[in-house]
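Colleague: just need the structure, nothing else, for what follows:
(2 chains)
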Amino acid sequence: MQEEFQKALDFANYRQTFAIQRKTLKEKIDAKLTYGFNGGIFKIDRSLLNFVEMLIQNNRSQDVVILDSNENPVLVKDLVSFKEEVFDRYFTATNEYFEEYQKIKKARSVESLLEV
Amino acid sequence: MNKGVILFAHNNRQIDYARMSILCAKLANKNLGVPVSLVSDPSTVEWMKESKIFEEAANLFDNIIITHRPEDGNMKNYCDGKNITPAPFSNGNRFSVYDVTPYDRTLLIDTDYLVMTNDLNQYWDVDAELMMAPRYNDIMGIERVGYLDKNISETGIQMYWATTVMFTKSEDTKVFFDLVELIKEKYKMFADVFRFDYRIYRNDIAFSIAKHILNGYQTVKEYNLPDVFSVADKDILHDVSKGNLKFLIADKDRYVAASVKNKDVHIMNKYSIVRNYEKLMELAE
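Modeller: Residues are numbered from 1 along each chain as shown, chains lettered A, B, ... in the order given. Predicted structure coming up:
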């Protein structure tokens, strides 16, 4: 019984460390998805990517005003290059997120979690 | 517009802020790619010479600005895990950053804030003359964030964190820093109005009040710096290896292990920064 209890305590420790590592990783990726552009700050998310793609599909790619994360209007002169930048940042960050998250999931002890 | 980072370091009997400023500057210089200047005082500089780090500092810093050490009798409990040691805390001249900074756009950071990424580079060109961190972000999550981490008092206004401050020199920011100085001088009076504990002067509180007043006594939606990701002083930086900062995080009467890699981090346990100084310096190479 003592051994089983110790195992439960060890697992609780593991879960706590796991939760902290996951939270820290998520915040790290969120920071990578913050994009300062032309005086504004954009949160690169699916909504922004879709909106930008939709504007380009509808032939609105020059001198477009987009509201940033603070809901301030920001002029984007060349929306195609803006799109390339935000898509590139998004996939770089999410790929890193995926890889790091896999490492965290596979780490089965506190010691290995700390090395991720 | 030239831009750069500025640090304040005034040593006391407990903490070698000068040594910490070298680590902080090296990391900021490496990861943000901008010059870093130091504001210090004659006795701290003398100590840097005695402890043979002045030459390194002189090579590293863009400018070393010598000023008077603020002598305002401020005392603070420095925690190293469960150990608590009171010592003088010289933080009362932070408002002077407006006058002493050699940069048009300045990022003011505490010396215990380790810049491990280029994330803050996104903010240099933001159309805001003054930005601060609006929240304390504890490594453990919201469970350890108390009401007084979010507000300057039980009945007071929102707390901003002066750990990271970015500003452009302008008439408006001059008014802001002049107001911070006034709040510092009349701290007790402002404590009566805003109902905060006046016994220790805190830049976080003075900056928060100045921001509140200059925003027209209201909360406005504005650009902010990222939340200050922090490891409390009751936690311990246990080791640094392969770029990982390994912490023991205090959770009630025990510790939980956690690590941080490639993320800006505010390590409030200054003793543990100094203990791991050499290993942390390797990250700045």
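Colleague: residues contacting stretch B:256-265, please?
Modeller: Stretch B:256-265 is contacted by residues A:13, A:16-17, A:20-21, A:24, A:27-28, A:31, A:110, A:113-116, B:113-117, B:119-120, B:139-140, B:226, B:229-231, B:238, B:243-249 when judged by C-beta atoms under 8 Å, 6 or more residues apart in numbering or on different chains. C-betas here are computed from N, CA, C, even on glycine.
Colleague: nope, stretch A:87-95 is what I meant
Modeller: By C-beta under 8 Å, 6+ apart, stretch A:87-95 touches A:Ile29, A:Lys32, A:Leu33, A:Tyr35, A:Ile44, A:Asp45, A:Leu49.
Colleague: which ones among those residues lie within helices?
Modeller: In helices, judged by DSSP state H, the following of the contacts of stretch A:87-95 are found: A:Ile29, A:Lys32, A:Leu49.
Colleague: can you say which of these are buried?
Modeller: A:Ile29, A:Lys32 (16 or more other C-beta atoms under 10 Å in any protein chain shown).
Colleague: would you turn the ones in helices among the contacts of stretch A:87-95 into TSV with distance to chain B?
Modeller: Output for the ones in helices among the contacts of stretch A:87-95, formatted as TSV (distance: C-beta to the nearest C-beta, whole Å):
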residue	distance to chain B
A:Ile29	10
A:Lys32	7
A:Leu49	18
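Colleague: so who does the most centrally placed residue in chain B touch?
Modeller: In chain B, the C-alpha closest to the average C-alpha coordinate belongs to B:Asp110, at a distance of 2.3 Å (C-alpha atoms, centre = their mean). Contacts of B:Asp110 were listed using C-beta under 8 Å, 6+ apart, and they are B:Leu7, B:Cys24, B:Ala162, B:Thr163, B:Thr164, B:His266.
Colleague: separation between it and chain A?
Modeller: 19 Å (C-beta to the nearest C-beta, to the nearest Å).
Colleague: that older thread, ok, the contacts of B:Asp110 vs B:Ile65, which is closest?
Modeller: The closest of these to B:Ile65 turns out to be B:Leu7 (C-beta to C-beta; 10.2 Å).
Colleague: for that closest one, name its beta-bridge partners.
Modeller: Beta-bridge partners recorded for B:Leu7 (DSSP bridges): B:Leu38.
Colleague: gap between it and B:Ser153?
Modeller: Per C-beta to C-beta, to the nearest Å, B:Leu7 is found 29 Å from B:Ser153.
Colleague: which one's more surrounded, the two?
Modeller: Taking neighbours as other C-beta atoms under 10 Å in any protein chain shown, B:Leu7 and B:Ser153 compare with B:Leu7 leading, 25 against 15.
Colleague: quick one: that one from chain A, how far?
Modeller: 22 Å.
Colleague: now for that residue: which residues touch it?
Modeller: B:Ser21, B:Cys24, B:Ala25, B:Val36, B:Ser37, B:Leu38, B:Val39, B:Leu108, B:Ile109, B:Asp110, B:Thr111.
Colleague: the second one against B:Met116, yeah?
Modeller: Pointing back at B:Cys24 there. No - with contact defined as C-beta atoms under 8 Å, B:Cys24 does not reach B:Met116; the gap is 11.0 Å.
Colleague: okay, those two: which has more neighbours?
Modeller: Legend: neighbour count by other C-beta under 10 Å for B:Cys24 and B:Met116, higher for B:Cys24 (26 against 22).
Colleague: dump the residue contacts of that one.
Modeller: B:Leu7, B:Val36, B:Ile109, B:Asp110, B:Thr111, B:Asp112, B:Tyr113, B:Leu114, B:Val115.
Colleague: gap between the one helix or strand it maps to and the chain center?
Modeller: Element membership of B:Cys24, judged by DSSP states H and E, is helix B:17-32. Relative to the centre of its chain, helix B:17-32 is centred 12 Å away, using C-alpha atoms, centre = their mean, to the nearest Å.
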